[in-house]
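> Model the structure of this input:
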Amino acid sequence: MNLAILGAGKMGRWFAKLGKETNWNVKISDLDQEKAQQVADELNLKFSKTNEEAVGEAEIVIVSVPIKKTPGVIRKIGDHLGENTLLMDIASVKEQAVEAMKSLETNSELASIHPLFGPGAEDLNDKNIVSVPVRTGELYEQFKKILSERGARIIEMEADEHDQIMSLTQSLTHFTLLTFLSTVNRTKNFEKAKDLATPMFQKLLDLSRAFLHEDPELCGSIQTENRYSPMARNSSREASRTLDVAIKAENIKFIKEIFEEARKNLGSEEIESEYEKLYRKEDQG
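Residues are numbered from 1 along each chain as shown. From the prediction side, this is the model:
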């Protein structure tokens, strides 16, 4: 199987490595040719100077470029796809990518996938991958089978549903952590706060440290390119404002109501389990 990876970033490299481990012939390209050449040398792959050259005789093409550039790359390589080709992208926002695929005049198979993990993942075991099938066939089914055999869970849905859900699981999560980090950056006594950290605060610090390993440009694009992200942020701001008003009015009942509703949503057994793990970690430390 011939695989072309368009984009030599961290996730492009990850999928190139996966292709190599699957014993496929892998080509990689990037606007930064030096970067693509370096990845090709490291993984013993073929290097292509242009995306069009990389697509060439490829049977599977994976577009792994920044979210905003993904639709343009898809449209640009459309005329270079072969008849027996599967074109995919791995962008975190799906509506624009899928629209670009639907505009192509090609008989190639088309699918827009979103790996719900970062390049730090060592394998596909227990990993979720969302897929938006646009026009699929035998190659797509083969690709899904390979991912499934390696332990991945493939979840198929429409592009708009994906983006709505990601506005919660990605946009809101990132916005919450960015708000916390922005607050911490303004705090004068942060060093002392670390020394006096409660288990909950320490957990949030640990999560923030992991989050800071992310690409800030990607985090920004997730906010700006997903049309549902503003709704998630608005909901967050409204929830914060309402909570602040209740606290100023000494309305403790409002906080109790939040707890009660959240306990129903999150499940009592899971709450108890996570609380025990929090202190078990403290004891072990």
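> how about stretch 124-142: buried residues?
Residues of stretch 124-142 classed as buried by neighbour count (16 or more other CB atoms under 10 Å): Leu124, Ile129, Val130, Ser131, Val132, Pro133, Val134, Arg135, Thr136, Leu139, Tyr140. The C-beta positions use only the backbone N, C-alpha and C, and glycine is treated the same way.
> end-to-end on it?
Across stretch 124-142, the terminal residues are separated by 16 Å (CA to CA, to the nearest Å).
> what's in contact with that stretch?
The contact list for stretch 124-142, computed with CB atoms under 8 Å, 6 or more residues apart in numbering, reads 18, 59-60, 84-86, 94, 98, 101-102, 108-117, 121, 144, 147, 150-159, 162.
> could you flag which of those are buried?
Buried among the contacts of stretch 124-142 (16+ other CB under 10 Å): 18, 59-60, 85-86, 94, 98, 101, 108-116, 144, 147, 152, 157, 159, 162.
> Where does pLDDT dip in this structure?
The chain contains residues with pLDDT under 70 at 281-285.
> just to revisit the earlier point, for Ile252, state which of the buried residues of stretch 124-142 is nearest.
Val130 (40.2 Å; CB to CB).
> just checking, the closest one is part of a strand?
Yes: assessed with DSSP: H, G, I helix; E, B strand; the rest coil, Val130 lies in a strand.
> Restricting to C-alpha, output stretch 155-170 in PDB.
Extracted as PDB, the C-alpha positions of stretch 155-170 are listed here (Å, rounded to 0.1, in the frame of the first residue of the first chain):
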ATOM      1  CA  ILE A 155     -16.900   6.400  15.800                       C
ATOM      2  CA  GLU A 156     -18.700   7.600  12.600                       C
ATOM      3  CA  MET A 157     -20.900  10.700  12.600                       C
ATOM      4  CA  GLU A 158     -21.800  13.800  10.500                       C
ATOM      5  CA  ALA A 159     -19.500  16.800  10.400                       C
ATOM      6  CA  ASP A 160     -21.800  19.200  12.200                       C
ATOM      7  CA  GLU A 161     -22.400  16.800  15.000                       C
ATOM      8  CA  HIS A 162     -18.700  16.300  15.400                       C
ATOM      9  CA  ASP A 163     -18.000  20.000  15.600                       C
ATOM     10  CA  GLN A 164     -20.800  20.600  18.100                       C
ATOM     11  CA  ILE A 165     -19.400  17.900  20.400                       C
ATOM     12  CA  MET A 166     -15.900  19.100  20.000                       C
ATOM     13  CA  SER A 167     -17.000  22.600  21.100                       C
ATOM     14  CA  LEU A 168     -17.500  21.000  24.500                       C
ATOM     15  CA  THR A 169     -14.800  18.400  24.700                       C
ATOM     16  CA  GLN A 170     -12.100  20.600  23.100                       C
END
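> outside of that stretch, which residues touch it?
So stretch 155-170 is in contact with 92-95, 97-98, 112, 114, 116, 128-133, 222, 226-229, 231-232, going by CB under 8 Å, 6+ apart.
> Confirm Ala97 sits in a strand?
No: per three-state DSSP, Ala97 lies outside any strand segment and is helix.
> so it sits right up against Ile74, yeah?
Yes: using CB atoms under 8 Å, Ala97 is in contact with Ile74, at 6.4 Å.
> between these two, what contacts are shared?
Val63, Asp89.
> how about the helices of this protein, start to end?
For the chain, the helices defined by DSSP state H occupy 10-21, 33-43, 51-55, 70-77, 95-102, 138-149, 159-166, 173-185, 190-195, 199-211, 216-225, 229-248, 252-266, 268-284.
> and the ones you listed as TSV, adding distance to Ser64?
As requested, these are arranged in TSV below (distance: least, CB to CB, whole Å):
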stretch	distance to Ser64
helix 10-21	4
helix 33-43	11
helix 51-55	11
helix 70-77	9
helix 95-102	12
helix 138-149	15
helix 159-166	17
helix 173-185	20
helix 190-195	37
helix 199-211	21
helix 216-225	12
helix 229-248	21
helix 252-266	34
helix 268-284	34
